[in-house]
Structure formats: structure tokens, C-alpha cells
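Trainee: After the sequence you'll find the predicted model.
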Amino acid sequence: MEISGLVSAIVIGIVIGVLGRLALPGRQRIGVLATILVGVVAAFLGSAVAAGFGVQETRGVDWIEWLIQIGLAALGVSLLDRGRGRRVRR
């Protein structure tokens, strides 16, 4: 992977992470960096899932791939938020 591919993956990950976070109701207790990391991972996993279903490359905007990525980001944000909620601070 080239530097431009890595930079674009991070930018797309930021967008995917924010959209995934917005898809959830209420406030999430995770930071910006965690949101970005979840978004980047969701972008890569979503692309792989879309490729598995044969919908990665479509004419025009790849709406199905985006929806898969956003859904995975929402799931990741939700799981991290629940994991953070169980910790007890002393």
C-alpha cells in the first residue's frame, strides 16, 4: 500500500467512524482517536465484506459498500462504548 492509499484510508476511516457514531442514539463515551480507529477498521472490513458479496465495484457511488462500512463502524463504536461503560473508576 502506498502513502496516498494509507492517507485516503485514514480520511475515509474518519468519515466512516463519524457516520457510524452518528447512527447511534445518545452519547458515546469513546474518544476521537478510538472513533477514527473504528472507522478505519470498519472501512477495510466493509470493503472485504462488500467484495465477498460482489458489490464492491458498482456503477456510480458504491452505496451498498458505504452502508456496510457505516453499519460496521456503528457496531464497533457501540461495542467500545459498552466496554467503557462497565469499568468502575475509583
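Mentor: Done, it's in.

Trainee: burial count for residue 34?
Mentor: By the criterion of other C-beta atoms under 10 Å, residue 34 has 18 neighbours. Yep, even glycine has a C-beta here, placed from its N, CA and C like the rest.

Trainee: I'd like to know how far it sits from residue 46.
Mentor: For residue 34, the distance to residue 46 equals 18 Å [C-beta to C-beta, to the nearest Å].

Trainee: Pull out the buried residues from the strand or helix carrying residue 8.
Mentor: According to DSSP states H and E, residue 8 maps onto helix 3-22. Within helix 3-22, the residues that count as buried by 16 or more other C-beta atoms under 10 Å are 9, 12-21.

Trainee: Convert the C-alpha atoms of the host helix or strand of residue 43 to CSV, please.
Mentor: Under the criterion of DSSP H and E, residue 43 resides in helix 32-53. Taking only C-alpha atoms (Å, rounded to 0.1, in the frame of the first residue of the first chain), the coordinates of helix 32-53 have been written out as CSV:
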residue,chain,number,x,y,z
VAL,A,32,-11.9,10.8,18.8
LEU,A,33,-8.9,8.5,18.2
ALA,A,34,-11.0,5.4,19.0
THR,A,35,-13.7,6.7,16.6
ILE,A,36,-11.1,7.1,13.9
LEU,A,37,-9.6,3.7,14.5
VAL,A,38,-13.0,2.0,14.5
GLY,A,39,-13.8,3.9,11.2
VAL,A,40,-10.5,2.7,9.6
VAL,A,41,-11.1,-0.9,10.6
ALA,A,42,-14.8,-0.7,9.5
ALA,A,43,-13.7,0.7,6.2
PHE,A,44,-11.3,-2.2,5.5
LEU,A,45,-13.7,-4.9,6.8
GLY,A,46,-16.6,-3.3,5.0
SER,A,47,-14.7,-3.4,1.7
ALA,A,48,-13.9,-7.1,2.2
VAL,A,49,-17.5,-7.9,3.1
ALA,A,50,-18.7,-6.0,0.0
ALA,A,51,-16.2,-7.8,-2.2
GLY,A,52,-17.4,-11.1,-0.7
PHE,A,53,-21.0,-10.3,-1.7
